[in-house]
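**Student:** My questions are about this predicted structure, shown below with the sequence.
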Amino acid sequence: MRIKTNIKYFKCQSAILILMLFAVACNDHGIEPKPEPSAFEISGFSGKVSFASEWPDSVKRAFVVVFQNPLLTPGDFTILNLKFLSREIPLGVQTYNYSSFDSAFIPSVPGPFPPGTYAYIAVAQQSTEELSLARNDWFVSGIYYANGDTTQPGTMVIPDITFVENINITVDFNDPPPQPPGYN
Amino acid sequence: MKIFSDKYFSYLLKSIVILITALLVFTESMQAQTFSISGKIVDSKSKPIPGVNVILIGTNFGAAADDEGDYQILNIRSGNYTIQFSAIGYEKFIKENIIIQNKSITLDVVLNEVVIEADEVIVTAGKYEQKKSDVTVSTEIISGKEFSERNFSNLEDAIRYVPGVTMTEDQISIRGSNGYSRGTGSRALLAIDGLAFYTGDSGDIIWEMIPTLEIQKVEIIKGASSSLYGSSAIGGVINSITRDISDKPLTIFNGFYGVYDKPYYSEWDWSGERRPFNGLTLSHSNKIENFGFNISLTRLEESSYKQDDDFKKYIGFLKTVYNFTPTSSLTFLANTFNKRAGQFLYWKDSRNALVPPDQNLGDRIETNRYLFGLIYKTLLGNQVIMNIKTSYYRNYFKDNADIPNESTSNLYRGEVQLHSNITNYLVITGGAEGTFSEVQSSLFGNPDEYSIGAYAVGDVTFNFPLIVSLGVRYDYSKLDSLDGSGAVSPKLGLNYKISKELILRSSIGTGFRAPTTAEAFTSTSTGGITVKPNPNIKSEYNLTFELGVNYYPVEFINLDLAVFQNEYFDMIEPGIDPADGLVFFSNLVRARIQGLEASTIIYLLPNELSLSFNYTYLWARDLETGTALRYRPRHIFYSGLDFRKWNFDFGINFRYTSRVEEIDDELVDLGIVVDGDLRVPVYTTDIKLGYNFITNGLPLNIYLNVKNIFNYNYVELIGNLRNIRNYSFGVNLAL
């Protein structure tokens, strides 16, 4: 008798569970498209790189780089901390305008740039014949400074739905800034 | 252009109705000059047994008993027949020499009750035939008829509904053994009739190559099986058993046609069409004296709901058996596969979820694969059975990139196995095997690999209901320039039948897996994902433990409960090298997978209505970081309802997996898979409806399947929307 009661109870539980799962399955359609961002909802950044000296022949390529976290140790200079790597800056130019909407290596698909705080924005150069990802092959030739404070790298803050402009960097190949940890 | 309009569906429906009507009229006319066998089937208490399957062995005639236990097989010509009665929960009853001579006959039978499914056998757990109730590890069985009934043209579709097993696209994970390793290596071993079935380069399982119509059943062994099966079986084994060869000429035609519904969101409707898919298989089986064969050809075509995901596949299969004597035979297996397909890696973004990124538009791949195997089986003396197995597996693929990725691998394998019932209390199985693979590839280079292994396992039974299984295996593997590695893998299993209704099982053992060629040497770049080699990669090991109980509290309910733990050392997982952002395979220091599995089958109406529930809890984590292993859901729940009566077959299957906690975040952060962070729990519901014309004298089954009926959108792998709602109609005709 008790077994029969338990079985009945078990069957009821089973039916309720199935109905609950069916209800979830009916009402929810899972993944849905993210809304297309309008022109007023886009976050990102742009700026200008100015070159104060002639390009040395040894420079083979240069990029604008944006790291999210401060470069305090050699381990911070990694691809996972690198959130923006521009296309190559044409060799020999005096000025270069860039934007997070431009095609870049990172992210590979241009679009809204995630809002947040970015601790290190710079122009980095390489002298190797081929593009290298080794830390020692990167040399910082110019840094973004905020509010005229040249004693430390400037922080870029991108609020929600805001496009930040004037992230400007001056490069003097003859007077490079202090190198982040890990460069020998 | 709209290919499948409402008018078209109306026309299709009318055609089906006319076809069914015509078949019924045709079969009625066939009954004119024939006879019948009829009778009543009761149990030992003279209570009628409904739903008993009655078949005339070696013919296509059969029937099912009605509510009163009455059955009738019509349209039988004069002759001598063997009749078989079978039903779940009852002993099978076979009666020979049933003579039909110019009159119909009546045959009443009594079936004896047994514990449900107690006589079900599996063959792979110990590399010899054992009752499922005697094995020491958790096993599951998929019946071959599932494939046609549910229109599974690919083995992986059926595997998705096995308790404790999940799939991430085409990669199997048994109790969390695998995440997603991009087609490079598997921790489960797939075998077809005992022949290992993995590629020589990537070590990957090619599910789509298995001809599902030729499969009699599939057995899934959960947990490390390295002690018998070697390196690839560290997470479990899937053995596909092909159909027996028919004693009389048997031709089977199987076909299906289906369409995908339109996507739930209109912005995903990239084609404006309902995309069709279809498949055709023609199979023939016959036996001529000592020689018999099964041969089939399958053609599958799909337009796909995703752009550049279309395919055409051709699967050839041949199995021949020659019996030299009643105790020795030679089996030859050939399985060929050709595919031309689009190559959809991931979506453009969530607004274009069924379209690849612009730079990947038009990516295609062609594949040719061949497996040839020989199995020689003979009895040595009176007690020793010897099996010699050899196989050759060639794998070739080439894509259409500007600089094409092209790879060819040849895998040679040989095994000698001896099996003996030394006494009534001891069964010994032992053997040795070796493999050699050579690869020529733009992706993997040209490495060679060889491995050798030797194993022995003894199953001891006692005067009381205990079975002890003790086994050990040694493996050594050498992959090109990598250091060779080897391991001894012992295993101990216990099976104790406390009573007829309550069985305890437990096992503990170790596993070993050498890195595959692809894991060590892949160097390629596709769709923004660059994979680099890791020549320092090492073999991985695990220690696995399981405790399970199977219980019949009452006759119509079966419960199964298992707790398990797998401890992995140097687990090989794909990841991103933080130094350069490139994908590579490396050894995690240590990982642990713990969980429990609970399953129940309730026979609400014996032989008519059954309900099943399976729940698995998985906690798979990297012990160094404390984070979950990638692509392992924590909760898995499957449920099914099956109803069979009046030749009708109706079923509902529901599948739930919780949202996976960890994915390839780097691919999202680097902007390679846009909106790749979108993932949800999985809820899918499928419905099937079938009708069997066998009692009308026509060996025809028809099936209607609706899959993902709620059109729920989900991914298993980031940026890859799984199948949207689709409808298919199938027929299975055996002549």
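**Tutor:** Cool, got the structure.
**Student:** what does the stretch 351-500 of chain B have sitting close to chain A?
**Tutor:** With CB under 8 Å from any CB of the partner chain as the criterion, the stretch 351-500 of chain B meets chain A at residues B:351, B:353, B:357. (Each C-beta comes from the backbone N, C-alpha and C, glycine too.)
**Student:** What is the neighbour count of the last one?
**Tutor:** By that I understand residue B:357. 21 (other CB atoms under 10 Å in any protein chain shown).
**Student:** pretty sure it contacts residue B:348?
**Tutor:** Yes: between residue B:357 and residue B:348 there is a contact under CB atoms under 8 Å: 4.8 Å.
**Student:** residues in contact with the residue of the stretch 351-500 of chain B found nearest chain A?
**Tutor:** Using CB to the nearest CB, the single residue of the stretch 351-500 of chain B nearest to chain A is residue B:351, 4.4 Å away. Residue B:351 is in contact with A:33, A:34, A:36, B:267, counting by CB atoms under 8 Å, 6 or more residues apart in numbering or on different chains.
**Student:** Now list the buried members of the residues you listed.
**Tutor:** Among the contacts of residue B:351, those classed as buried by 16 or more other CB atoms under 10 Å in any protein chain shown are residue A:33.
**Student:** Give the buried residues for stretch B:580-588.
**Tutor:** Buried residues in stretch B:580-588 (16+ other CB under 10 Å): B:581, B:582, B:583, B:584, B:585, B:586, B:587, B:588.
**Student:** before we move on, what about stretch B:419-427?
**Tutor:** Buried residues in stretch B:419-427, counted by 16+ other CB under 10 Å: B:419, B:420, B:427.
**Student:** I'd like those as JSON lines, with distance to residue B:401, secondary structure and pLDDT appended.
**Tutor:** Output for those, formatted as JSON lines (distance: CB to CB, whole Å; DSSP: H, G, I helix; E, B strand; the rest coil; pLDDT from 0 to 100):
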{"residue": "B:419", "distance to residue B:401": "49", "secondary structure": "strand", "pLDDT": "88"}
{"residue": "B:420", "distance to residue B:401": "54", "secondary structure": "strand", "pLDDT": "86"}
{"residue": "B:427", "distance to residue B:401": "53", "secondary structure": "strand", "pLDDT": "86"}
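**Student:** from these, which single one is nearest residue B:110?
**Tutor:** residue B:427 (34.0 Å; CB to CB).
**Student:** sec struct for residue B:97, please.
**Tutor:** With DSSP: H, G, I helix; E, B strand; the rest coil as the basis, residue B:97 sits in strand.
**Student:** any idea which element the closest residue in space to it that isn't next to it in sequence lies in?
**Tutor:** Nearest non-adjacent residue to residue B:97, counting by CB to CB, 6 or more residues apart in numbering or on different chains: residue B:80, 6.2 Å away. Element membership for residue B:80, per DSSP states H and E: strand B:79-86.
**Student:** how far does that strand sit from the chain's center?
**Tutor:** 31 Å (CA atoms, centre = their mean, to the nearest Å).
**Student:** same thing with stretch B:539-557?
**Tutor:** On the basis of CA atoms, centre = their mean, stretch B:539-557 sits 20 Å off its chain's mean C-alpha point.
**Student:** So is that stretch next to chain A?
**Tutor:** Yes: using CB under 8 Å from any CB, we find that stretch B:539-557 touches chain A at B:553, B:554, B:557.
**Student:** Chain A: which of those is nearest?
**Tutor:** residue B:554 (6.3 Å).
**Student:** ok, how many other residues are close to the closest one?
**Tutor:** 13.
**Student:** got any ranges where chain A has weak pLDDT?
**Tutor:** Along chain A, segments meeting pLDDT under 70 span A:1-26, A:37-41.
**Student:** ranges for the helices of it?
**Tutor:** Ranges of helices within chain A are A:2-27, based on DSSP state H.
**Student:** residues from the stretch 201-350 of chain B in reach of chain A?
**Tutor:** Counting by CB under 8 Å from any CB, the residues of the stretch 201-350 of chain B near chain A are B:264, B:265, B:267, B:268, B:349, B:350.
**Student:** tell me which residues of stretch B:477-486 are tucked away?
**Tutor:** Quick answer for stretch B:477-486 (16+ other CB under 10 Å): B:477, B:478, B:479, B:480, B:482, B:485.
**Student:** before we move on, what about stretch B:142-157?
**Tutor:** So for stretch B:142-157, counting by 16+ other CB under 10 Å, buried means B:142, B:144, B:146-157.
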